[in-house]
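Trainee: got a predicted model here, sequence first, then my questions.
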Amino acid sequence: MKEGIPTRQIGKTGLKLHRIGYGCASLGNLYRPVTDETARDAVLAALDAGVCYFDTAPYYGFGLSERRVGDVLRRRARDSFVLSTKVGRLLKPCADVDES
């Protein structure tokens, strides 16, 4: 974790997070389309700025945000970030969906 950024402990878990995290809904094209490159650069910029908590969900672009965040974080030491997502949703491919 980057020094100087205030942290908080999460309950009695021993897990400490910076008080600011990255909500990744926009990486799933929430308000406008984002390229894979732009998404990667955004996650890398957050990491460079000391952000170590990332929140995503299957519904953020039907898995797109999770994939994009994962593409960057899988190359990082697992103990250098915290990733949260939502559970209880199963996304299944649908062949008859128009993605335009």
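Mentor: That came through fine.
Trainee: what ranges do the helices span in this protein?
Mentor: Taking DSSP state H to define them, one finds helices in the chain at 36-48, 64-73.
Trainee: from the middle of its chain, how far away would the last one be?
Mentor: Taking the mean of its C-alpha atoms, helix 64-73 sits 6 Å from the chain's own mean (C-alpha atoms, centre = their mean, to the nearest Å).
Trainee: most packed of the helices of the chain?
Mentor: helix 64-73 (a mean of 20; mean count of other C-beta atoms under 10 Å). For the C-beta atoms, the positions are set from N, CA and C on the backbone; glycine is no exception.
Trainee: and the helix or strand bottoming out on mean pLDDT in the chain, what does it pack onto?
Mentor: Using mean pLDDT, DSSP states H and E, strand 16-18 stands out as the lowest-scoring helix or strand of the chain, at a mean of 84. Contacts defined by 3 or more C-beta pairs under 8 Å, 6 or more residues apart in numbering; DSSP states H and E place strand 16-18 against strand 7-9.
Trainee: any idea how many residues pack against the nearest residue to residue 53 once chain neighbours are set aside?
Mentor: Once flanking residues are discounted, residue 53 sits nearest to residue 21: 3.4 Å by C-beta to C-beta, 6 or more residues apart in numbering. Other residues near residue 21 come to 17 when the count uses other C-beta atoms under 10 Å.
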